[in-house]
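# with the sequence up front, the predicted model follows.
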Amino acid sequence: MHLSTPRRRPALIVAACLSAAVLVLSTGVAPAQASCHHHSHGTRVLATGLGGTLGSTVGPDGAIYVTDGIAGTVTRVDPRSGHTRLFTSGLPTRIAPVGGAMDIAFVGRTAYVLVSLVGPDVGGTSVDGIYRIDGPHSYTVVADIGAFALAHPPATDFFIPAGVQFAMLPYRHGFLVTDGHHNRVYRATTSGDVSEVETFGDVVPTGIASWGGHVYMTEAGPVPHLAENGRIDRLDVRAHTATEIARGAPLAIDTGNDGHRVYALSQGHFPADGEPGAPADPDTGALMRVRRDGSMKTVADGLDQPTSMQFIGHTAYVVTLNGEIDAISLHR
């Protein structure tokens with residue numbers, strides 16, 4: 001793999017990257033199942049055994065869809081019962097400690113999956129980009145983001161030529177895509193056009209979401225991902241600018257809105273001697289609510305390395321690195 005002999009100092013692989021130890025999961029993952037267990041802080045575990053999970057979305061049917069980069073699949077999860085079923089399979093699987101199917105989004109009733117770190121620059125043979133799901137076992141690549149990144153390298157330091165695309169958001173006949181390694185946001189259309197929206201310093205763009213006609217993005221910040229660097233920005237795509245609206249989430253990994261208030265998902269405490277690209281310490285993650293003054297209040301803590309979240313009614317559904325979905329009531 002090219003990762004072992006970098007020629008340039010890494011800006012930082014996306015903070016939610018799996019550590020090397022997690023690779024043992026690639027030898028086999030237990031099938032997903034519903035669960036009735038509860039965390040000590042009252043958060044209910046909706047489902048477990050979902051594999052190497054990162055991204056998620058709520059589909060047009062109201063179900064939660066979760067990507068598994070280890071198996072190259074997407075799983076549908078009923079938010080009421082926790083019942084799971086395979087939605088699609090056959091996507092490129094990861095070949096590094098992170099990668100493969102990273103995120104999922106729907107445009108109408110059609111699903112699209114963001115796939116990253118599977119190209120020739122890391123020893124793979126697949127395309128880093130956006131895949132349209134055509135059926136239970138079929139797909140079509142609609143945007144090759146890796147090729148664009150190779151042809152247009154960022155000015156910031158990097159050592160993975162095609163970058164690490166982490167999350168995506170449907171946006172005006174296409175998608176906005178964050179890259180936590182190249183520190184960029186791309187715009188990709190379903191007809192294959194890819195362009196750069198904005199390039200940042202070493203801020204590590206992670207989650208991206210929209211509400212009220214605005215686009216919001218979380219930044220994990222550079223190692224060691226201090227709370228003071230974990231922030232939410234509002235993006236002006238046309239003006240290519242970003243405005244801070246809140247900060248205070250250690251290793252901020254995602255953002256969302258329950259219809260009334262803005263939230264940040266913190267992956268948690270990152271050890272001072274932690275390697276770039278490793279996840280936060282287990283059971284230190286938190287769901288945080290943004291206050292009017294831009295500070296954040298913890299709603300639920302003790303989350304085990306969360307990676308993404310969705311809101312349905314008065315419940316936040318948090319996906320974790322170990323293949324779990326936690327249901328957190330917002331009535332508190």
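Now that the structure is in, tell me what you want to look at.

# got any ranges where the protein has weak pLDDT?
Segments of the chain classed as low confidence (criterion: pLDDT under 70) are 1-42, 332.

# ok, which stretches of it are helices?
Using DSSP state H, the helices of the chain run over residues 145-151.

# pull the contacting residues for Thr199.
Thr199 is in contact with Pro154, Ala155, Thr156, His182, Asn183, Arg184, counting by C-beta atoms under 8 Å, 6 or more residues apart in numbering. In this view, the C-beta of every residue, glycine as well, is placed from N, C-alpha and C.

# and if we set it to 6 Å?
By C-beta atoms under 6 Å, 6 or more residues apart in numbering, the contact set of Thr199 is Pro154, Arg184.

# cool, Asp326 as well?
Shown in contact with Asp326 (C-beta under 6 Å, 6+ apart): Thr43, Val45, Val318.

# dump the residues you listed into JSON lines; add neighbour count and distance to Gly192 as well.
Formatted as JSON lines, the contacts of Asp326 follow (neighbours: other C-beta atoms under 10 Å; distance: C-beta to C-beta, whole Å):
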{"residue": "Thr43", "neighbour count": "21", "distance to Gly192": "41"}
{"residue": "Val45", "neighbour count": "17", "distance to Gly192": "40"}
{"residue": "Val318", "neighbour count": "26", "distance to Gly192": "33"}
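
# residue contacts, the nearest residue to Ser195 once chain neighbours are set aside?
Nearest residue to Ser195, sequence neighbours excluded (C-beta to C-beta, 6 or more residues apart in numbering): Arg187, at 5.1 Å. Arg187 is in contact with Leu176, Ser195, Val197, counting by C-beta under 6 Å, 6+ apart.

# against His240, how distant is the second one?
If I follow you right, that is Ser195. Ser195 sits 11 Å away from His240, going by C-beta to C-beta, to the nearest Å.

# the first one too?
Counting by C-beta to C-beta, the gap from Leu176 to His240 is 12 Å.

# who has more neighbours, those two?
Set Leu176 next to His240 and count neighbours by other C-beta atoms under 10 Å: Leu176 wins out with 23 against 12.

# wait, doesn't the more buried one sit right on Leu169?
Yes: with contact defined as C-beta atoms under 6 Å, Leu176 reaches Leu169; the gap is 4.7 Å.

# which residues do these two both contact?
Common contact partners of Leu176 and Leu169 (C-beta under 6 Å, 6+ apart): Ile208.

# what residues are up against the nearest residue to Ile64 once chain neighbours are set aside?
Distance criterion C-beta to C-beta, 6+ apart; nearest residue to Ile64, sequence neighbours excluded, is Val77 at 4.4 Å. Applying C-beta under 6 Å, 6+ apart to Val77 gives the contacts Ala47, Ile64, Thr84.

# now the residues you listed in TSV, with distance to Gly90 and neighbour count?
TSV is the format used below for these (distance: C-beta to C-beta, whole Å; neighbours: other C-beta atoms under 10 Å):
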residue	distance to Gly90	neighbour count
Ala47	22	27
Ile64	21	24
Thr84	18	23
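
# just the ones of the residues you listed in strands?
Counted as lying in strands by DSSP state E, out of the contacts of Val77, are Ala47, Ile64, Thr84.

# surely the last one is in contact with Thr75?
By that I understand Thr84. Yes: counting by C-beta under 6 Å, Thr84 touches Thr75, with 5.3 Å between them.

# thinking again about what came up before, nearest to Gly213, of the contacts of Asp326?
Proximity of the contacts of Asp326 to Gly213 (C-beta to C-beta) peaks at Val318, which lies at 25.5 Å.

# isn't that closest one up against Gln310?
No: at 8.3 Å, Val318 does not count as touching Gln310 under the criterion of C-beta under 6 Å.

# give me the common contacts of these two.
When C-beta under 6 Å, 6+ apart defines a contact, no residue borders Val318 and Gln310 alike.

# and for Pro170, the neighbour number?
By other C-beta under 10 Å, neighbour count at Pro170 equals 16.

# residue contacts, it?
Here Pro170 is in contact with Ala105, Val107 (criterion: C-beta under 6 Å, 6+ apart).

# for the residue nearest to Pro136 when sequence neighbours are not counted, give me its contacts.
Distance criterion C-beta to C-beta, 6+ apart; nearest residue to Pro136, sequence neighbours excluded, is Thr88 at 5.5 Å. By C-beta under 6 Å, 6+ apart, the contact list for Thr88 reads Val74, Ile133, Pro136.
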